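>>> Sequence plus predicted model, see below.
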Amino acid sequence: MKFIEEKGIVDETYNENLVALFRVQGASPDNMQAIQVDQVSTSLNSSYCYILQSKASIYTWIGILSSVRDHNLLDRMVELSNPTWLPVSVREGNEPDIFWDALGGKAEYPKGKEIQGFIDDSHLFALKIMKGKPCLIDDSVSHAHLLEF
């Protein structure tokens with residue numbers, strides 16, 4: 001299997017010259033993810049931290065109900081994404097107008113505590129060729145799935 005970039009496919013879901021909003025979540029610095037969400041203020045949630053990329057500016061948004069662990073994950077994700085970024089840190093309730101402008105204006109978003117779900121750790125799968133086709137063997141349920149490439 002090849003990644004999008006290796007196949008030469010243009011990823012139309014992300015363009016560093018446009019506005020992009022990412023929710024950062026995870027269990028640890030070794031088990032975290034940045035999920036691209038719609039770049040509108042209604043995508044924000046007080047329980048999470050976000051990275052907002054707006055053309056020449058990078059903002060980190062810290063939801064008022066997010067934890068210290070969430071803040072640390074946010075910092076680590078920024079560092080991993082691009083060590084040269086110098087983000088403007090924004091705490092919920094203290095957003096500058098330019099932040100809201102990048103999201104198309106200020107609007108209501110969820111402000112209640114959201115229970116953050118458990119994120120599964122990585123799982124190792126075996127790949128086997130059966131009848132000339134790749135087959136994924138999931139050892140946790142003892143069965144195989146044919147893969148279409």
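Okay, I see it. Numbers count the residues shown, from 1 in each chain.

>>> pLDDT below threshold where in this structure?
Along the chain, the parts satisfying pLDDT under 70 run over 1-17, 114-130, 132-149.

>>> how about the helices in it?
4-7, 68-81, 97-102 (DSSP state H).

>>> Would you tell me which strand is longest in the protein?
strand 19-28 (DSSP state E).

>>> Which other helices and strands does it contact?
strand 31-37, strand 49-54, helix 68-81 (3 or more C-beta pairs under 8 Å, 6 or more residues apart in numbering; DSSP states H and E). From N, CA and C alone the C-beta is placed, and that goes for glycine too.

>>> To Val88, which of the ones you listed lies closest?
Among the helices and strands packed on strand 19-28, strand 49-54 comes nearest to Val88, with 9.1 Å by C-beta to C-beta.

>>> Name the residues that touch the closest one?
Identification of contacts with strand 49-54 by C-beta atoms under 8 Å, 6 or more residues apart in numbering yields 16, 19-24, 34, 37, 39, 44, 58-63, 66, 70-71, 73-74, 77-78, 81, 87, 98-99, 102-103.

>>> quick one, it and helix 68-81 angle?
Between the axis of strand 49-54 and that of helix 68-81 there is an angle of 40 degrees, by axes from the mean of the first three to the mean of the last three C-alpha atoms, to 10 degrees.

>>> domains of this structure?
Domain ranges of the chain: 4-102, 119-149, per automatic domain parsing.

>>> ok, back up a step: tell me the most buried of the helices and strands packed on strand 19-28?
The highest average neighbour count among the helices and strands packed on strand 19-28, using mean count of other C-beta atoms under 10 Å, belongs to strand 49-54 at a mean of 23.
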